[in-house]
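Participant: 3D model of this:
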Amino acid sequence: MHLGNFETDIRICCLKQYCLKFAVIVKIPVSFNVTYFFGFEDYGPDCDSMRITAFLDIPGQDNLTPLARLEKYAFSDNVFNRQIIARGLLDVFRDFSNNEEDFLTVMEIVVRLSEDAEPTVRTELMEQIPPIAIFLQESRPKFPTAFFEYLMPIVVRYLTDVNNQVRKAGQEALLILLEQDLVAQSDIENKVCPILLDLSAPDSDDEYKVEAVNIICKMASMLSRTTVEHLLLPRFCELCSDGKLFQVRKICAANFGDICNAVGQEATERLLIPKFFELCSDSVWGMRKACAECFMAVSYTTSPEVRRSKLSPLFISLISDTCRWVRQAAFQSLGPFISTFANPSSAGLYIREDGTLSIRPSAQDVNSNSCQPSNNITLMSSNANTALASSEQPMEIKSESSTEETSAEVNAKLSENLNKAEGSSDCCASLGEEVSGLCQGDKAALSATEATKESSFPGMSSRLPSAEDVFSTFLYWRPPLPDISQELELLQFKAEKHNDACSVPCNNCVASNEIKKVLKSLQEHIDDPDVQAQVQVLSAALRAAQFDSVGDCETKKMEESTDSLQNNMILDEAAVAACNQVQGDALSSPASQDDISDQSNTSVLKSTVSTHSDIIPQPLLDQYLSMTDPARAQTVDTEIAKHCAYSLPGVALTLGRQNWHCLKDTYETLASDVQWKVRRTLAFSIHELAVILGDQLTAADLVPIFNGFLKDLDEVRIGVLKHLYDFLKLLHADKRREYLYQLQEFVVTDNSRNWRFRYELAEQLILILELYNPNDVYDYLRHIALTLCSDKVSEVRWISFKLVVAILQKFYANSANALGLNFINELVVRFRHCSKWVGRQAFAFICQAVVEEECMPVDQFVEHLLPSLLSLASDPVPNVRVLLAKALRQTLLEKAYFKSVGNPHLEAAEETILALQSDRDQDVSFFATIKLKQGNMDNITIEKQN
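Facilitator: Numbers count the residues shown, from 1 in each chain. Here you go, the predicted model:
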C-alpha cells in the first residue's frame, strides 16, 4: 500500500463511513472498489475484519509510534480525523489493553476527546461508550475501575450537553448501561439521579425537563424499588401536576403503569393513585387518552379493593368521555382492565408448572368455591397434575368387572378396620363425621384406590385435606360417604321459601306433607326393589298434589323443585345405606351410584356458583357487552368489535365458566360479524376459550361456531387450522371423530398459491395422529397425506413426507402391522416407481427418515423397503442418487443393525455405496465417499479374511 499522507487516508476512511451511512438511509447498495480509494481494501457494513484505525499500524514518514500517532490525529485540526478516532475507540482499547501504561494514556486521550468542541465528535464518542464499557467489564481484572473513573463522568456530563444530539446519545448510552447492569448503585444515586432531578426541577429549561422526565420514566424499571421510591418518585408526582407543560404530564401519563410496577402496591395506592385521578380528569384530552391506554398496568399493581372501589368508577368516566379518542382508547383497554379482576382459582382453573392454564374437574370447582379460596394461585401436586392432564381428554369408562373388584378390595379393607372398632353405631357416626373432610380439597381420581390400599381411612387424620389428598368418584359416592346435610338443608330451605312466597291457597298441603314423611321413612329400605317402586309411586303422587296446590303458571317450577327434592332424598337414602353397609347391609348397584354422583355434582355446583357481579363490577360488564352494538362502531371506533373479540378470552377467564351465559350471546354475535377480521380474531383464540369453558360447554356452544369457521374465508380458517390439534383434543372421542370427514376440506383453499395453508395442515396432522386410532388414520388421514405429498410447492411436499413417516410410526406403534404393510406397498408404488424424479427422490427421503426415527422394526424395513431403496442406485437422475447416497452413508450404515458382523444385508448396502462412489456425478460420489468409520472398515476386512 503506497500512501504518503495519513490525513488523506483518514479523510478517505471517514468519507467511506459517511457514504455507507447515506446508503443505509436511502436504501441503495454501495460497494467500494479497491482502485478508487488508493489501494484500500473493500470496506462495507459486512466487513468485520478491517479495523477503522488500521492506519495507526502503518509506518509512515513521521516515524511515530502508534500511540503517538493516535494522539496526533485525536487532536488534529481536521474534524474528520477526530471523528474517525472517536469511532474506532473500541479497536484502540483492544490494541492497547495489554500494556497498562498505554491503556491509561488512551483513556486520558478519550477524556480530552470528550471535550471536543465539535458536536459530531462528541456524538461519535458517546455511541462507542456502551461497547467499550462491555469490553472493560470483560477485562475487569486488569482495569477494575477504569469505567467508573474515566467513562461514567463523561456519560453524566453529556446529559446536560448544550447540543441536543449529544444529549440524546448520552441518554441512549445511559439506558444501555443500566440495562446491562454496568452502572454501580453509588453512581446511580450520587451522580445520575441528582442530575436528572436538577434537569426536571420546576425552574429548569422546558426542553431539558421533557427529556429528563422521559429518561426518569424509562430507567425506573431498571432500578431498585428503594432507589425509585426514595429518589425519583417524589419528583415524578410533582411532574404529574406540572401546570406549565402538558408534554411533561403526557409523558408521565403514558409511563404511569411502569412507575406503578416499579414502586409496588403500597406506594402506588398511597401516592400515585391520587395523581392518576388528576391526570384522568386533565383538561387536555391527550392526557386522558394516555391514562386510558395504561389503565390495565395501573390496575395490575393495586389491591382488589382499590381496583373495584376506585379504579372501576374512574374507568367508567373515561369510557363515557366527551372526546371520541378517549372513549376509543378506553374501550380498547376495557377487556384488559376486566382481566385484572381474574382469580383463576375461584374461576375453576389452575396454572400448571409449565405456565399453561388448565381446567379443574367439576368437583374441585365445587370445593374451591365452597372453601372461598384466596387470591393466590396454588400449584397442584404432581399427582394432581397427572390426573388433570388426563382429564383434559374424556376418560374412558372402566369395565364393570374392574369396578366390582376394586369395590370388593375397598369394602374388605373397611370391614377389617370396622371390626376393630368398639361399636358399630359409634363407628358409623365417626365415619360420617370424619370422612366429610374428603370433599373439601382438590383430589385426583387416578391415585385414590392406591391411597385406600395404603391407609384404611385416608384423610381422616385432619378435617383439612393436605396437598397429597386425592379425589375419587368411587370413594366419593361409596363408603366413606361425604356429609351432604348442608346441601340438603339449603335446597329444602329454598323449597320452603318458594312455598311461603306462593299466595295461592293450598288445599292439599296436608297430603303433601304426609307423602314427604312416608318418603323419608322409606329411606332406610331403599335397597329393596319393592320399596323403590313405592318411592316412584309416592313421588308421582307428591307431584300431583303440588300441581293441584299451585297455579298453572307455577307448574314447571314446582316439578323442577320436586325432582330436585327427590334426587336429594335419594342422596340421603344413599348415605343411610352406606352406614347400613358398614353394619353388614348391602350397597346399591354401581350404576345407581353413578347417577347419584352426577345429580349431586350438578346440585352442589348450582348452589355454590358466584354471580358475575361479585367478580366484575356490573357497569364494566355492561360496557363490554355493548361493544358489539353497531352504534358503537359509528360513535367510537370502527374496529371496536375486533377489540372486543381480542379480549374476550380474558373476560371469560375472569368470569369463569359458571358465568359463561353472560358472554354467550356476545360471542355468537362476534362470530357472525360481517368483518372477517373479527371472525379471524375469534378463530385464533377459540382453543384457549375451550380450555376455559371445559368440554361440556365447548361441545354445546363452541363446536357450532368452530364448524362455521371451518367453512369461512381462508383468512379465518387459518386461525382454526393453526390450533386444530389443541381444539380437537378437548372434545370427546365420538365428537372428535366427526371431524375426520371435514379435514379433507382444508386441502382446498380459495387461492391455490396459498401454500402456507397446506403446510400448516401437514404440521397439524402430525400432531392430530395421536387423537385417532390406526384404522381412522388409514381410512381418512392417509389420503390427505398422500395428496399433500404431490403438492406443487416443495416445502409442502417435504413436510408431508414427515407426515407419512409419522403415519407409518403410528401403525407399528399400535401393532397395526397389516395396515403398515399396506401403506408401505402403496408408498413403493406411488413414489419408488413414480415417473417423475421428485417422487423417487421423496422415496429415498422417506426411507432415510424411517431409519432415523426407528418407526418400524428393522426386519420389516430390510424386507419391504431396503430392496426398493437400493434399486435407486441405477436411477438416471443425479438428484435421486445424491439423496440415496446421503441415506446410506449418513443414516443407514450408522445404525447398529448394519454394523453387526455377518449381517446379510450389509454386503448389498456396501456394494451400492461402492457403485455410488464411482458415480460420474461429482455430488453423488462426494456424498457416497464421506466416511465409513475406519474401525468398521478394518473389522469388515478382518472378517472377510477369516
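Participant: Low-confidence regions, the stretch 601-750 of the chain specifically.
Facilitator: Scanning the stretch 601-750 of the chain with the threshold set as pLDDT under 70 gives 601-613.
Participant: What's the separation between the nearest residue in space to residue 163 that is not next to it in sequence and residue 198?
Facilitator: Leaving aside its sequence neighbours, residue 163 sits nearest to residue 119 (C-beta to C-beta, 6 or more residues apart in numbering; 4.2 Å). For the C-beta atoms, the positions are set from N, CA and C on the backbone; glycine is no exception. Relative to residue 198, residue 119 is positioned 22 Å away (C-beta to C-beta, to the nearest Å).
Participant: before we move on, what about residue 749?
Facilitator: For residue 749, the distance to residue 198 - C-beta to C-beta - is 63 Å.
Participant: Likewise for residue 233?
Facilitator: 17 Å.
Participant: and residue 95, how many neighbours?
Facilitator: 20 (other C-beta atoms under 10 Å).
Participant: before we move on, what about the one 4 residues further on?
Facilitator: The number of residues packed near residue 99 is 12, by other C-beta under 10 Å.
Participant: Output the lowest mean pLDDT helix or strand found in this structure.
Facilitator: Counting by mean pLDDT, DSSP states H and E, the weakest-scoring helix or strand in the chain turns out to be helix 382-391, with a mean of 34.
Participant: so residue 143 touches residue 135, yeah?
Facilitator: No: assessed by C-beta atoms under 8 Å, residue 143 is found out of contact with residue 135, at 9.8 Å.
Participant: Any chance you could list what contacts stretch 326-333?
Facilitator: The contact list for stretch 326-333 (C-beta atoms under 8 Å, 6 or more residues apart in numbering) reads 285, 288-289, 292-293, 295-296, 315, 318-321, 623, 627, 632, 635-637, 640, 643.
Participant: List only buried entries from the residues you listed.
Facilitator: 288-289, 292-293, 295-296, 315, 318-319, 321, 623, 627, 632, 636-637, 640, 643 (16 or more other C-beta atoms under 10 Å).
Participant: Using CSV, list the CA coordinates for the stretch of helix or strand residue 928 belongs to.
Facilitator: Taking DSSP states H and E as the criterion, residue 928 maps to helix 922-929. The C-alpha coordinates for helix 922-929 follow below in CSV (Å, rounded to 0.1, in the frame of the first residue of the first chain):
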residue,chain,number,x,y,z
GLN,A,922,-19.3,-35.4,-8.5
ASP,A,923,-22.0,-34.7,-5.9
VAL,A,924,-23.1,-38.3,-5.8
SER,A,925,-19.6,-39.6,-5.4
PHE,A,926,-18.8,-36.9,-2.8
PHE,A,927,-21.7,-37.9,-0.5
ALA,A,928,-21.1,-41.5,-1.1
THR,A,929,-17.4,-41.2,-0.1
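Participant: Which strands and helices lie in contact with that helix?
Facilitator: helix 878-886, helix 906-917 (3 or more C-beta pairs under 8 Å, 6 or more residues apart in numbering; DSSP states H and E).
Participant: Including distance to residue 192 and mean neighbour count, could those helices go into TSV?
Facilitator: Shown next, in TSV, are the helices and strands packed on helix 922-929 (distance: least, C-beta to C-beta, whole Å; neighbours: other C-beta atoms under 10 Å):
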stretch	distance to residue 192	mean neighbour count
helix 878-886	59	23
helix 906-917	68	17
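Participant: pLDDT weak spots in the stretch 51-200 of the chain?
Facilitator: 51-63, 140.
Participant: neighbour count winner among residue 749 and residue 198?
Facilitator: Shown here are residue 749 and residue 198; by other C-beta under 10 Å, residue 749 has more neighbours (17 against 14).
Participant: Hmm, residue 714 and that one touching each other?
Facilitator: Yes: between residue 749 and residue 714 there is a contact under C-beta under 8 Å: 5.4 Å.
Participant: Find the residues that touch each one of these two.
Facilitator: residue 757.
Participant: Contact partners for the closest residue to residue 87 other than its chain neighbours?
Facilitator: In this structure, residue 87 finds its nearest non-sequential neighbour in residue 124, 5.1 Å apart by C-beta to C-beta, 6+ apart. Contact partners of residue 124, counting by C-beta under 8 Å, 6+ apart, are 83, 86, 87.
Participant: Would you double-check that residue 124 falls in a helix?
Facilitator: Yes: counting by DSSP: H, G, I helix; E, B strand; the rest coil, residue 124 is located in a helix.
Participant: Could you measure from it over to residue 859?
Facilitator: Distance, residue 124 to residue 859, using C-beta to C-beta: 70 Å.
Participant: Could you do residue 297 as well?
Facilitator: Using C-beta to C-beta, residue 297 is found at 63 Å from residue 859.
Participant: out of those two, which sits in the more crowded spot?
Facilitator: Applying other C-beta under 10 Å to residue 297 and residue 859 shows that residue 297 carries more neighbours, namely 19 against 10.
Participant: residues touching that one, list them.
Facilitator: Applying C-beta under 8 Å, 6+ apart, the residues near residue 297 are 256, 257, 258, 260, 261.
Participant: Can you give me every residue that contacts the residue nearest to the first one when sequence neighbours are not counted?
Facilitator: Going back to what we said before, that points to residue 256. Closest residue to residue 256 apart from its sequence neighbours, by C-beta to C-beta, 6+ apart: residue 294 at 5.1 Å. Going by C-beta under 8 Å, 6+ apart, residue 294 touches 253, 254, 255, 256, 257.
Participant: And the pLDDT for residue 294?
Facilitator: Looking at residue 294, its pLDDT is 94.
Participant: Same question for residue 501.
Facilitator: Per the predicted model, pLDDT is 50 at residue 501.
Participant: Likewise for the one 4 residues further on?
Facilitator: The model reports residue 505 with a pLDDT of 43.
Participant: how about the strands in the protein?
Facilitator: For the chain, the strands defined by DSSP state E cover 349-351, 357-359.
Participant: And residue 766, how far from residue 785?
Facilitator: Remark: distance between residue 766 and residue 785 (C-beta to C-beta) = 9 Å.
Participant: neighbour count winner among these two?
Facilitator: The residue with more neighbours, out of residue 766 and residue 785, is residue 785; 23 against 18, by other C-beta under 10 Å.
Participant: Roughly how far does the more buried one sit from residue 310?
Facilitator: 58 Å.
Participant: And for residue 691?
Facilitator: Separation of residue 691 from residue 310 (C-beta to C-beta): 32 Å.
Participant: who has more neighbours, these two?
Facilitator: Of the pair residue 691 and residue 310, residue 691 is the one with more neighbours under other C-beta under 10 Å, namely 21 against 18.
Participant: That one touches residue 723, doesn't it?
Facilitator: No: in this structure, residue 691 is not within contact of residue 723 by C-beta under 8 Å, at 10.6 Å.
Participant: Could I get the full set of helices for the stretch 551-700 of the chain?
Facilitator: Ranges of helices within the stretch 551-700 of the chain are 555-582, 590-608, 618-625, 630-635, 640-655, 661-671, 676-693, 695-697, based on DSSP state H, counting those that start in this stretch.
Participant: do the same with the stretch 801-946 of the chain
Facilitator: Counting by DSSP H, counting those that start in this stretch, the helices of the stretch 801-946 of the chain are 817-827, 837-853, 858-864, 866-870, 878-886, 896-899, 906-917, 922-929, 934-945.
Participant: count of neighbours near residue 732?
Facilitator: That count, for residue 732 with other C-beta under 10 Å as the rule, works out to 13.
Participant: what's the residue lying closest to residue 892 once chain neighbours are set aside in contact with, if anything?
Facilitator: In space, and not counting its chain neighbours, residue 892 is closest to residue 851: 5.6 Å by C-beta to C-beta, 6+ apart. Residues in contact with residue 851 (C-beta under 8 Å, 6+ apart) are 861, 887, 891, 892, 895.
Participant: got those residues as JSON lines, with distance to residue 217 and neighbour count columns?
Facilitator: Shown next, in JSON lines, are those (distance: C-beta to C-beta, whole Å; neighbours: other C-beta atoms under 10 Å):
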{"residue": "861", "distance to residue 217": "64", "neighbour count": "21"}
{"residue": "887", "distance to residue 217": "59", "neighbour count": "24"}
{"residue": "891", "distance to residue 217": "57", "neighbour count": "16"}
{"residue": "892", "distance to residue 217": "62", "neighbour count": "26"}
{"residue": "895", "distance to residue 217": "61", "neighbour count": "14"}
